[in-house]
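Trainee: take a look and give me a structure for this.
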Amino acid sequence: MAITTHDTETDIQDRAILVTLVTDKIKRTGIDPELSLQELVQLAETAGVEVLDVLRQNKETPDSKWFIGKGKVEELRMAADGLGANTAIFDQELSGAQVRNLEESLDLKIIDRTQLILDIFAGRAKTREGIIQVELAQLSYLLPRLSGQGKNLSRLGGGIGTRGPGESKLETDRRHIRGRITELKRQLDEVVKTRELHRERRRKAGAVQVALVGYTNAGKSTLLKQLTDADVYIENQLFATLDPTSRVLQLTGGKEVVLTDTVGFIQNLPHDLVASFRATLEEVNEANLVLHVVDASSPMREEQMEIVQTILQDLGAASKPQIVLFNKIDLCEPEQLEMLPTGTGFLKISAFNPEDLTRIIEIISDELAGDTLNFRIPGDRGDISSLLYRVGEVLETTYDENDVIYNVRLNKEDYDKWGYMLADFVDQP
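Mentor: Next up is the predicted model:
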């Protein structure tokens, strides 16, 4: 459904021209500006915007006043008049002054990539934590840009770039907004403490955790649903999932693990958004194993994989054991399949292929499997017996007088975590 702006009594859909500025700095990064622009089209369509045209400008550095230069602004104005556009969306981040200058010259709503992503997140947030995180990121982004938000703020709560906090909060003075940011951070701290209590409870219960990470729209939620029959929202859109969703997955041999879907990554993910969602993203740090889901059919596959690895590095989770799942192989051209890496740690799959789902479960089981040990447990120590079933894979059970002897496969990480309770029961040969 298209986003509409309640400007008067009629609903006005956002009809936009997309604008990208390719500078020398961008060229040095190695990221293809055209692929970034394709992603901006996807972002705009996800937000319900009708994309009318794209405008490209090559320039050594951004124009401090107009971003794209005065001549290109005039070209944009003529294109907007001819096509009936009411919005211009820039692929790079704008300053408040640039937004103000462009609005005054063009009489268009001016949105940049960051604001567009924040708007999509605002539309997706459903839980209390997600809503707090998004509003905090929006206000942190808008605070230094208030002087440049005239046209955007004149529309109450509708259309891209204005959804979320709304006019009543954004048109108040900076002191009030800073106070709101402080209050949101306090609320978020409470949510973070609750999340940490849940993590601690899972640790004490010996839960083994597997995290699904990847670029947005790589198919993580679909994979969670297919593997666990989870009732999760799935849509061929960017950022369909914001809040982490965890479900129990049964592995080979009957052992259960907690499989968690996380928010998708994207290039140039707004700093304020990363900061606000850090507590959510840090679920990855609790994982025993990371499943990096990749859209194998994407022309930006390599760049997307690099961006995911960079964000994992920033989160301190880059050294976690990782399996790369090249998803959507049913959408790949033969030459794309040939270019995919093979070998240990890589798997080519389609989330809709039952045989591939079985292979995923097997590779998770193998990765989490460890050494095989025998434990002699007295019959009255049911607590230790239960712990063995939770943290390891019980392969065989025998009985010797009043003791039960368990043959258990247990990985090193779990033994290091629970060895203080298990060491006295190891049955030495």
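Trainee: may I have stretch 130-141 as PDB, with CA atoms only?
Mentor: Provided in PDB are the C-alpha atoms of stretch 130-141 (Å, rounded to 0.1, in the frame of the first residue of the first chain):
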ATOM      1  CA  GLY A 130      11.300  -1.400  18.700                       C
ATOM      2  CA  ILE A 131       9.100   1.700  18.900                       C
ATOM      3  CA  ILE A 132      11.400   3.200  21.500                       C
ATOM      4  CA  GLN A 133      14.500   2.400  19.500                       C
ATOM      5  CA  VAL A 134      13.100   3.900  16.300                       C
ATOM      6  CA  GLU A 135      11.900   7.100  17.900                       C
ATOM      7  CA  LEU A 136      15.200   7.500  19.700                       C
ATOM      8  CA  ALA A 137      17.100   7.200  16.400                       C
ATOM      9  CA  GLN A 138      14.700   9.600  14.600                       C
ATOM     10  CA  LEU A 139      15.000  12.300  17.200                       C
ATOM     11  CA  SER A 140      18.800  11.900  17.400                       C
ATOM     12  CA  TYR A 141      18.900  12.300  13.600                       C
END
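Trainee: what's the mean pLDDT across that stretch?
Mentor: Stretch 130-141 shows a mean pLDDT of 88 in the predicted model.
Trainee: run the chain-centre distance for it.
Mentor: Here stretch 130-141 shows a centroid-to-chain-centroid distance of 15 Å under the convention C-alpha atoms, centre = their mean, to the nearest Å.
Trainee: could you do stretch 175-183 as well?
Mentor: Its chain's C-alpha centre lies 27 Å from the corresponding centre of stretch 175-183 when counted by C-alpha atoms, centre = their mean.
Trainee: next up, the contacts around residue 277.
Mentor: Residue 277 makes contacts with 133, 137, 263, as judged by C-beta atoms under 8 Å, 6 or more residues apart in numbering. All C-beta atoms are positioned from the backbone trio N, CA, C, and that covers glycine.
Trainee: may I have the phi/psi pair for the second one?
Mentor: If I follow you right, that is residue 137. The main-chain torsion angles of residue 137 are listed as degrees, to the nearest 10 and equal phi -70, psi -40.
Trainee: can you count the residues close to it?
Mentor: Residue 137 is flanked by 25 other residues according to other C-beta atoms under 10 Å.
Trainee: how far away is it from residue 176?
Mentor: Between residue 137 and residue 176 the distance is 18 Å, computed by C-beta to C-beta, to the nearest Å.
Trainee: one more: the first one?
Mentor: Residue 133 sits 20 Å away from residue 176, taking C-beta to C-beta as the criterion.
Trainee: between the two, which is the more surrounded one?
Mentor: residue 133 (28 against 11).
Trainee: so which elements touch the helix ranked longest in the chain?
Mentor: The helix of greatest length in the chain, counted in residues with DSSP state H as the criterion, is given as helix 174-204. Helix 174-204 sits against helix 128-142, helix 167-170, helix 278-281, with contacts defined as 3 or more C-beta pairs under 8 Å, 6 or more residues apart in numbering; DSSP states H and E.
Trainee: buried stuff in the first one?
Mentor: Pointing back at helix 128-142 there. Neighbour-count burial for helix 128-142, with 16 or more other C-beta atoms under 10 Å as criterion, is recorded at 129-142.
Trainee: closest one of those to residue 278?
Mentor: Of all these, residue 278 sits closest to residue 133, with 9.1 Å by C-beta to C-beta.
Trainee: SS state for residue 53?
Mentor: Using DSSP: H, G, I helix; E, B strand; the rest coil, the secondary structure recorded for residue 53 is strand.
Trainee: one more: residue 212?
Mentor: Three-state assignment for residue 212 (three-state DSSP): strand.
Trainee: for it, which non-adjacent residue is spatially closest?
Mentor: In space, not counting the residues next to it along the chain, residue 212 is nearest to residue 220; the distance is 4.4 Å by C-beta to C-beta, 6 or more residues apart in numbering.
Trainee: what number of residues lie near the one you found?
Mentor: Residue 220: 30 surrounding residues under other C-beta under 10 Å.
Trainee: next up, the contacts around it.
Mentor: When contacts are counted by C-beta under 8 Å, 6+ apart, residue 220 is found next to 212-214, 241, 261-262, 264, 293.
Trainee: show me the shaky parts of the stretch 101-250 of the chain.
Mentor: Scanning the stretch 101-250 of the chain for pLDDT under 70 picks out the ranges 147-173, 206, 230-243.
Trainee: tell me the helices in the stretch 201-350 of the chain, going along the chain?
Mentor: Ranges of helices within the stretch 201-350 of the chain are 220-228, 271-276, 278-281, 301-315, 334-338, based on DSSP state H, counting those that start in this stretch.
Trainee: and of these, who's closest to residue 53?
Mentor: Closest approach to residue 53 among the helices of the stretch 201-350 of the chain is made by helix 301-315 (24.9 Å; C-beta to C-beta).
Trainee: counting by contacts, list what the closest one packs against.
Mentor: By contact count (3+ C-beta pairs under 8 Å, 6+ apart), the secondary structure elements abutting helix 301-315 are strand 209-214, helix 278-281, strand 289-295.
Trainee: can you tell which of these is closest to residue 323?
Mentor: strand 289-295 (5.5 Å).
Trainee: buried residues in stretch 61-79?
Mentor: Going by 16+ other C-beta under 10 Å, stretch 61-79 has these buried residues: 62-63, 66-68, 72-73, 76-77, 79.
Trainee: ugh, typo on my part, it should be stretch 83-101
Mentor: Applying a neighbour-count criterion of 16+ other C-beta under 10 Å, one finds 85-95, 98-101 buried in stretch 83-101.
Trainee: starting at the chain centroid, how far to that stretch?
Mentor: Using C-alpha atoms, centre = their mean, the distance between the centre of stretch 83-101 and that of its chain works out at 26 Å.
Trainee: swap in stretch 347-367?
Mentor: On the basis of C-alpha atoms, centre = their mean, the separation between the geometric centre of stretch 347-367 and that of its chain is 22 Å.
Trainee: which other residues reach that stretch?
Mentor: For stretch 347-367, contacts defined as C-beta under 8 Å, 6+ apart pick out 210, 219, 222-223, 226-227, 249-253, 255, 257, 289, 291, 296, 321, 323-330, 337, 340, 342, 393.
Trainee: drop anything exposed from the residues you listed.
Mentor: Neighbour counting by 16+ other C-beta under 10 Å classes 210, 219, 222-223, 226-227, 249, 251, 255, 257, 289, 291, 296, 323-329, 340, 393 among the contacts of stretch 347-367 as buried.
Trainee: picking up where we left off before, any chance of the buried residues of helix 128-142 in TSV, plus distance to residue 370?
Mentor: As requested, those are arranged in TSV below (distance: C-beta to C-beta, whole Å):
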residue	distance to residue 370
129	34
130	36
131	41
132	39
133	36
134	40
135	44
136	41
137	40
138	45
139	47
140	44
141	45
142	50
